[in-house]
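Novice: Just to be clear, the model below is a prediction. Sequence and coordinates:
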Amino acid sequence: MKSWPRFAKAKAANPIPVATYMTGTVYVALGLVMAVLGLVDALLGEEAEGFFAGALVGLGLGLLLRRLGSPQAEPRRAEALLTVAGLWLLVPALGAIPFWVSGGMSYLDALFEATSGFSTTGATVLSDFNQLSHGLFFWRSLSQWFGGMGILLLFIVVLPHLALAGRQMFFAEVTGVQKQQLTPKLRQTATNILRVYLVLTGFTLAAYLLTGVPFFEAFTNTLSSVSAGGFSPNPESFAAYSSLTQWAATLVMFLTGVNLLLQYRVVFGREFAAPLRDPEFRAYALIVVLVGLGIALILLLRQQYPPEAALRHAFFQTTSIITGTGFASADFAQWVVPAQVLLVMLMFIGGSAGSVGGSIKVIRWLIIAALVRRELQRALHPQAVLPLRVGHKNIGEDVLRAVAAFITLYVGLFALGVLVIGVLEEDFVVAFTASAAAIGNVGPGLGAVGPMSHYGELHPVSKAMMIFQMWAGRIELIAVFALFTPELWRRLRA
């Protein structure tokens, strides 16, 4: 009993109570999920020790952190950034335990796999798909489903008392330059996003089952598809399935690159013309059509594919790479260089803001294009007042500064990855595409890390570099790089 006053004092002195409470809540939830998966694995006669070990760590640390924290106060901006960055680092650290204990991996490889899962990257270190149980394959895909939706978004929906504390963190986690809301209530907005995500999940599962995919593979591929993740329990990815399944997956992957709030307006608001009025959607769809047709023409003329197969593989890989899903309908590492160049270009474009897709995002490129157009006009009319617009919306200078900072950090971290991986692997193609695939949360690269290969043979430092890039890319860099600024820590101590 004498220890309780000291405990209360420590709790009162906690400078980041919301971050501590949020981390504890997520750890408890993941611990419970792993406990259930462990019981299922045990009943099926598979190795369950990894899930039970993860459940023990998650529940133990989670309950302790919840006691030390508090969900009541709205966090400062510095605390929100710390919470988001910390969660997306600590969650894979916990999620790696089943791969480490039961999957026969080193902890570094297990952390790589878990980070790739929760960040929806889909890069794998697996060389032998027989080394994992059904439970671990399910955990890989489930981690992507959680990561694609957003860890904090789910908890804001399920736990109403987190709505106030989660406001700043919600906007730090949701992707895009304009954090739009459908309603003034944060929890309602999060619920709307989750409803679209669940509808897309149900639609995808039905499509895969109807096109002949076995149930377990259909279910795990569904979780990885709607999250733009890319993990598949089949070592041949979608090359193992029928042409109908590949076309269905192409449609699903295209939808994962569309703003979820825009999809909500179409599905639940019956605003069927809304996508046509959205400049980002129009640009995104146009890129997919033009690049898909371009790759199809190359495959038809250079790879000797028949017309239907050329169109199918071209649009499958176009949607897979631009959204950062990373599935493969064919080994595109064996395609001719012009087709590969177009796919690598897509790694730097990404889906729409507010989608589950990765990379830079179409809206940022539209803003950059608008800026270039304005500066060209200003060169001819130096005295003119020229607003910056995308569609009918004016873009403020604060948004422009944020876009410039993001792209600068993105290019810098990408270049650092190319340097580190290139020096260690002595292969420029591997270094360039692995770095682009990691920071853009895409998954497969080219050469030795192509879609039918793996990242297991990379140097440990190369893997660590990619883990950092996957983490930073998933939360769009700012929250990560803010951790390295003295100002953030001064504000936390204030």
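Specialist: Cool, got the structure.

Novice: from here on, contacts and neighbour counts on C-alpha atoms
Specialist: Fine.

Novice: which helices and strands does the helix or strand that Trp100 is a member of pack with?
Specialist: Using DSSP states H and E, Trp100 maps to helix 97-102. For helix 97-102, the elements it packs on are helix 49-68, helix 107-118, judged by 3 or more Cα pairs under 8 Å, 6 or more residues apart in numbering; DSSP states H and E.

Novice: Quick one: residues in contact with the last one.
Specialist: Among residues not part of helix 107-118, those counted as contacts by Cα atoms under 8 Å, 6 or more residues apart in numbering are 88-89, 91-93, 95-97, 99-100, 122-125, 140-141, 143-148, 229, 231, 441, 443, 456, 460, 463-464, 466-467, 470-471.

Novice: give me that answer again for 7 Å
Specialist: 92-93, 95-96, 99-100, 122-125, 140, 143-144, 146-147, 463, 467, 470-471 (Cα atoms under 7 Å, 6 or more residues apart in numbering).

Novice: buried sites along it?
Specialist: Buried residues in helix 107-118, counting neighbours by 16 or more other Cα atoms under 10 Å, are found at Tyr107, Leu108, Asp109, Ala110, Leu111, Phe112, Glu113, Ala114, Thr115, Ser116, Gly117, Phe118.

Novice: can you redo those residues as JSON lines with distance to Phe52 and pLDDT?
Specialist: Converted to JSON lines, the buried residues of helix 107-118 look like this (distance: Cα to Cα, whole Å; pLDDT from 0 to 100):
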{"residue": "Tyr107", "distance to Phe52": "17", "pLDDT": "96"}
{"residue": "Leu108", "distance to Phe52": "20", "pLDDT": "97"}
{"residue": "Asp109", "distance to Phe52": "20", "pLDDT": "97"}
{"residue": "Ala110", "distance to Phe52": "16", "pLDDT": "97"}
{"residue": "Leu111", "distance to Phe52": "17", "pLDDT": "97"}
{"residue": "Phe112", "distance to Phe52": "20", "pLDDT": "97"}
{"residue": "Glu113", "distance to Phe52": "19", "pLDDT": "97"}
{"residue": "Ala114", "distance to Phe52": "16", "pLDDT": "97"}
{"residue": "Thr115", "distance to Phe52": "20", "pLDDT": "97"}
{"residue": "Ser116", "distance to Phe52": "22", "pLDDT": "96"}
{"residue": "Gly117", "distance to Phe52": "19", "pLDDT": "95"}
{"residue": "Phe118", "distance to Phe52": "20", "pLDDT": "95"}
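
Novice: Out of the residues you listed, which is nearest to Phe129?
Specialist: Checking the buried residues of helix 107-118 against Phe129 with Cα to Cα, the nearest one is Glu113 at 13.1 Å.

Novice: From Ala285, how far off is Thr120?
Specialist: According to Cα to Cα, to the nearest Å, Thr120 and Ala285 sit 22 Å apart.

Novice: now do Leu198
Specialist: For Leu198, the distance to Ala285 - Cα to Cα - is 23 Å.

Novice: Who has more neighbours out of those two?
Specialist: Ala285 (17 against 13; other Cα atoms under 10 Å).

Novice: The host helix or strand of the more buried one - contacts with which helices or strands?
Specialist: Element membership of Ala285, judged by DSSP H and E, is helix 279-302. Identification of packing neighbours for helix 279-302 by 3 or more Cα pairs under 7 Å, 6 or more residues apart in numbering; DSSP states H and E yields helix 307-322, helix 362-380.

Novice: Next SSE downstream of the first one?
Specialist: Once helix 307-322 ends, the next helix or strand along the chain (criterion: DSSP H and E) is helix 337-347.

Novice: Only the buried residues of that following helix, if you could.
Specialist: Buried residues in helix 337-347 (16+ other Cα under 10 Å): Ala339, Gln340, Leu342, Leu343, Val344, Leu346, Met347.

Novice: Could you do stretch 406-417 as well?
Specialist: Judged by neighbour count using 16+ other Cα under 10 Å, the buried positions of stretch 406-417 are Phe406, Ile407, Leu409, Tyr410, Leu413, Phe414, Ala415, Gly417.

Novice: ok, and what's touching that stretch?
Specialist: Here stretch 406-417 makes contact (Cα under 7 Å, 6+ apart) with Ser435, Ala436, Ile439, Met465.

Novice: how far away is the second one from Ile321?
Specialist: The one in question is Ala436. Going from Ala436 to Ile321 by Cα to Cα gives 11 Å.

Novice: Counting neighbours around each, name which of the two comes out higher.
Specialist: More neighbours surround Ile321 than the other of Ala436 and Ile321, with 35 against 30 (other Cα under 10 Å).

Novice: Just the pLDDT at the more buried one, thanks.
Specialist: Per-residue pLDDT puts Ile321 at 97.

Novice: what's it in contact with, if anything?
Specialist: Leu343, Leu346, Met347, Val442.

Novice: can these go into TSV with extra columns for pLDDT and distance to Leu276?
Specialist: What follows is the contacts of Ile321, written out as TSV (pLDDT from 0 to 100; distance: Cα to Cα, whole Å):
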residue	pLDDT	distance to Leu276
Leu343	97	26
Leu346	97	22
Met347	97	24
Val442	95	27
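
Novice: how long is stretch 227-246 end to end?
Specialist: 17 Å.

Novice: mind listing what's buried in it?
Specialist: So, applying 16+ other Cα under 10 Å, buried residues of stretch 227-246: 227-233, 235-239, 241, 243, 245-246.

Novice: can you check stretch 386-395 too?
Specialist: Those would be Leu388, Arg389, Val390, Ile395, for stretch 386-395 by 16+ other Cα under 10 Å.

Novice: How about stretch 193-201?
Specialist: By 16+ other Cα under 10 Å, the buried positions in stretch 193-201 come out as Ile193, Leu194, Arg195, Val196, Tyr197, Leu200, Thr201.

Novice: hmm, who's touching it?
Specialist: Thr222, Val226, Leu260, Leu261, Gln263, Tyr264.
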